[in-house]
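Student: sequence below, structure please.
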Amino acid sequence: MSKQAVATKGAPEAIGPYSQAVRVGDFLYTSGQVALDPQTGAMSSGGIEEQTVRVCENLKAVLAAAGAGMQQVVKTTVFLKQMSDFAAMNAIYARYFAPEGEVAPARSTVAVAALPKDALVEIEVIAKL
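Tutor: Next up, the predicted model:
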């Protein structure tokens, strides 16, 4: 098994001892992305909608660095600070991961006690390259 780190300036740098993503064969496994602005490192202002957009844009950049797109995502895991944000997050998520005519990835969504940088949402993905 050969694993290769994937990194891009289009997404926030890892804030710990991990890679933005790891490619193994034809699969890409991303680390969870929160709503950090890749240029400033600051948390996106606004609520769950704005943070979900930033998270999805960060994931899009990581996927692009591996030569992939959102349509190649086969599994996602969504972590929410508050399950009451589910509907608002889901509306934004659908635009990125389940546009009309596309097969939506499998997904798990869980509520957690806290997320890094006090984020409202974190999403990780697995993509078939």
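
Student: show me which helix runs longest in this structure.
Tutor: In terms of residue count, the longest helix belonging to the chain (DSSP state H) is helix 48-65.

Student: and that one, what's its mean pLDDT?
Tutor: Mean pLDDT, computed over helix 48-65, is 98.

Student: and the contacts of it?
Tutor: Applying C-beta atoms under 8 Å, 6 or more residues apart in numbering, the external contacts of helix 48-65 come out as 6-8, 10-12, 20-21, 28, 30, 33-38, 43-44, 69-70, 72-73, 85, 88-89, 91-93, 95-97, 119-123, 125, 127. Quick note: C-beta positions are derived from backbone N, CA and C, even for glycine.

Student: in helices, which of these appear?
Tutor: Judged by DSSP H, the contacts of helix 48-65 include 88-89, 91-93, 95-97 as members of helices.

Student: okay if I get these as TSV plus pLDDT?
Tutor: Converted to TSV, the ones in helices among the contacts of helix 48-65 look like this (pLDDT from 0 to 100):
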residue	pLDDT
Ala88	98
Met89	98
Ala91	98
Ile92	98
Tyr93	98
Arg95	97
Tyr96	98
Phe97	98
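
Student: okay, the longest helix of the chain in PDB with CA atoms only?
Tutor: Coordinates of each C-alpha in helix 48-65 appear next as PDB, following Å, rounded to 0.1, in the frame of the first residue of the first chain:
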ATOM      1  CA  ILE A  48     -24.300  27.600   9.800                       C
ATOM      2  CA  GLU A  49     -25.100  28.600   6.200                       C
ATOM      3  CA  GLU A  50     -21.900  30.600   5.700                       C
ATOM      4  CA  GLN A  51     -19.800  28.100   7.500                       C
ATOM      5  CA  THR A  52     -21.200  25.200   5.500                       C
ATOM      6  CA  VAL A  53     -20.400  27.100   2.200                       C
ATOM      7  CA  ARG A  54     -16.800  27.700   3.400                       C
ATOM      8  CA  VAL A  55     -16.400  24.100   4.500                       C
ATOM      9  CA  CYS A  56     -17.600  22.900   1.100                       C
ATOM     10  CA  GLU A  57     -15.300  25.300  -0.800                       C
ATOM     11  CA  ASN A  58     -12.400  24.000   1.300                       C
ATOM     12  CA  LEU A  59     -13.300  20.400   0.400                       C
ATOM     13  CA  LYS A  60     -13.700  21.400  -3.200                       C
ATOM     14  CA  ALA A  61     -10.100  22.800  -3.200                       C
ATOM     15  CA  VAL A  62      -8.600  19.700  -1.600                       C
ATOM     16  CA  LEU A  63     -10.400  17.400  -4.100                       C
ATOM     17  CA  ALA A  64      -9.200  19.600  -7.000                       C
ATOM     18  CA  ALA A  65      -5.600  19.200  -5.700                       C
END
